[in-house]
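S.K.: 3D, please:
(chains A, B, C and D)
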2 protein chains.
Amino acid sequence: MADAGRVTPVDARRSRGVPADGRRARGDRRRRAILAATLRVIEREGVSGVSHRSVAREADVPVSSTAYYYATLDDLLIACLKWSASEMAVAFGSVSPTPSSVARFLADAVGPHRGRTLAEYELYLFAARRPELRPAARRWITLLSSVFGTMQPAAFLGFVAALDGLLIQGLIADFPPTAEQLEPVVSLLMPPR
Amino acid sequence: MADAGRVTPVDARRSRGVPADGRRARGDRRRRAILAATLRVIEREGVSGVSHRSVAREADVPVSSTAYYYATLDDLLIACLKWSASEMAVAFGSVSPTPSSVARFLADAVGPHRGRTLAEYELYLFAARRPELRPAARRWITLLSSVFGTMQPAAFLGFVAALDGLLIQGLIADFPPTAEQLEPVVSLLMPPR
DNA sequence: AAACTAGTTGAACGTTCGTTCCACTAGTCG
DNA sequence: CGACTAGTGGAACGAACGTTCAACTAGTTT
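M.R.: Numbers count the residues shown, from 1 in each chain, chains lettered A, B, ... in the order given. Below is the predicted model of the structure:
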């Protein structure tokens, strides 16, 4: 009261950027661990494999912990989608706008990172049923528009759609396409300027 | 034995094309009703909403009936994917290879038939986890290649991918795109010959 | 030090689930 | 007609589930 501008201990620690290995910090860590475990479950078994119990097993925490941080399964899936979408956006942010770079990104997504890509698309469709999640699901589209904003509108829409299509079709191919196979397709869709 | 080439009554009925409203015919009808109910459940609640019981409720049959025709849930989903893929192929078969026709087909898919399209893509991803289902999931791609076979290979691959992408992005849009909005994009991807 | 509170945990509730079983009905076949 | 068999459906099994709860531990604040 008398000292409204006073710096409390926790404020001081925060302003110094010290994470303070206390309750809050450990809580945040566990919250993140639960999200990461959820994503692994989705990669392995799909969205339908997600339950408070399966996630708790994967994260090696008691069931009541997952319920403590994410009261309902919906809360958990929603948080997982938002987090994975932001991670995906970061991953694509480092791709340069050349056909070979894009082709390599796509080949990695349906090859080495197949499980992860599959999880992304399951969450994608999950978002189709939850209007409040759609902005998060569209995030990487908006990111693309900032990178390839110089293209004609119609060409850009077709290009972005084709990227999604190439990914999803790569997921149901017997042998995932290679960067070499993808590059001519990408080149055709992405005029040099 | 003495009469190996003899025509049995049931053979005769079958060769005459008479369905015989007997056990087999009613069984086939119920089997189809169960599949149709399954697809409705997927449209409404997604693949994760499918259970022997939810399908039985939807089809208004006892639980043991769904288990009788499709011993496991996997059997049911597999049959549903194959059936819906063949239906989808039929639907697309009547689309003429012009930009406006294709644009209208896409707009219908993400508009009036949104639920059905959503179901198709959920099954699509389901197939990504079951190698034996992939040929069925790819059926409409192969159908496209017979319609648009005159295109250059790379252009064709990009075109097909873009169709998938336009559909899936239409599903997470706040307002599904109209045929008028889609046509310029389709035109650009589909050269007149 | 004392009050407070974020986080932890195991147990428990009622529900839904996949699947099996068995007694039963009614077409089919010889 | 008599044997056979495809289909029906109610009941039941154990398992897994979402969620709640209350007792507890240990950082945090005053």
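S.K.: Report the buried residues of stretch A:94-108.
M.R.: Within stretch A:94-108, the residues scored as buried using 16 or more other C-beta atoms under 10 Å in any protein chain shown are A:Pro99, A:Val102, A:Ala103, A:Arg104, A:Phe105, A:Leu106, A:Ala107, A:Asp108. From N, CA and C alone the C-beta is placed, and that goes for glycine too.
S.K.: Please list the residues of chain A that sit near chain B.
M.R.: Applying C-beta under 8 Å from any C-beta of the partner chain, we find that chain A lies next to chain B at A:46-48, A:118, A:121-122, A:124-129, A:131, A:134, A:137-138, A:141, A:154-155, A:157-158, A:160-166, A:168-169, A:171-174, A:184-185, A:187-189.
S.K.: Now, of these, which are buried?
M.R.: A:46-47, A:118, A:121-122, A:124-129, A:134, A:137-138, A:141, A:154-155, A:157-158, A:160-166, A:168-169, A:171-172, A:184-185, A:187-189.
S.K.: Tell me which of those fall in helices.
M.R.: A:118, A:121-122, A:124-128, A:134, A:137, A:141, A:154-155, A:157-158, A:160-166, A:168-169, A:171, A:184-185, A:187-189 (DSSP state H).
S.K.: From what I see, A:Val55 and A:Leu73 are in contact.
M.R.: No: A:Val55 is beyond contact range of A:Leu73, at 9.1 Å (criterion: C-beta atoms under 8 Å).
S.K.: if we can go back for a sec, save the buried residues of stretch A:94-108 as TSV, and put in secondary structure and distance to A:Arg31 too.
M.R.: As requested, those are exported to TSV (DSSP: H, G, I helix; E, B strand; the rest coil; distance: C-beta to C-beta, whole Å):
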residue	secondary structure	distance to A:Arg31
A:Pro99	helix	40
A:Val102	helix	34
A:Ala103	helix	37
A:Arg104	helix	33
A:Phe105	helix	29
A:Leu106	helix	32
A:Ala107	helix	33
A:Asp108	helix	29
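S.K.: so how far is DNA strand D from A:Leu171?
M.R.: Per C-beta to the nearest atom of the strand, to the nearest Å, A:Leu171 is found 24 Å from DNA strand D.
S.K.: Please read the previous query as pertaining to A:Glu58.
M.R.: Taking C-beta to the nearest atom of the strand, one finds A:Glu58 at 11 Å from DNA strand D.
S.K.: Buried ones in the helix or strand in which that residue is found, by neighbour count?
M.R.: Using DSSP states H and E, A:Glu58 sits in helix A:52-59. For helix A:52-59, a neighbour-count test (16+ other C-beta under 10 Å) marks A:His52, A:Ser54, A:Val55, A:Ala56, A:Glu58, A:Ala59 as buried.
S.K.: After that helix, which helix or strand is next?
M.R.: Using DSSP H and E, the helix or strand that follows helix A:52-59 towards the C-terminus is helix A:63-69.
S.K.: What residues does the residue nearest the centre of chain A make contact with?
M.R.: Chain A has A:Ser84 as the residue nearest its centroid, 2.1 Å off, counting by C-alpha atoms, centre = their mean. A:Ser84 is in contact with A:Leu39, A:Ala119, A:Glu120, A:Leu123, counting by C-beta atoms under 8 Å, 6 or more residues apart in numbering or on different chains.
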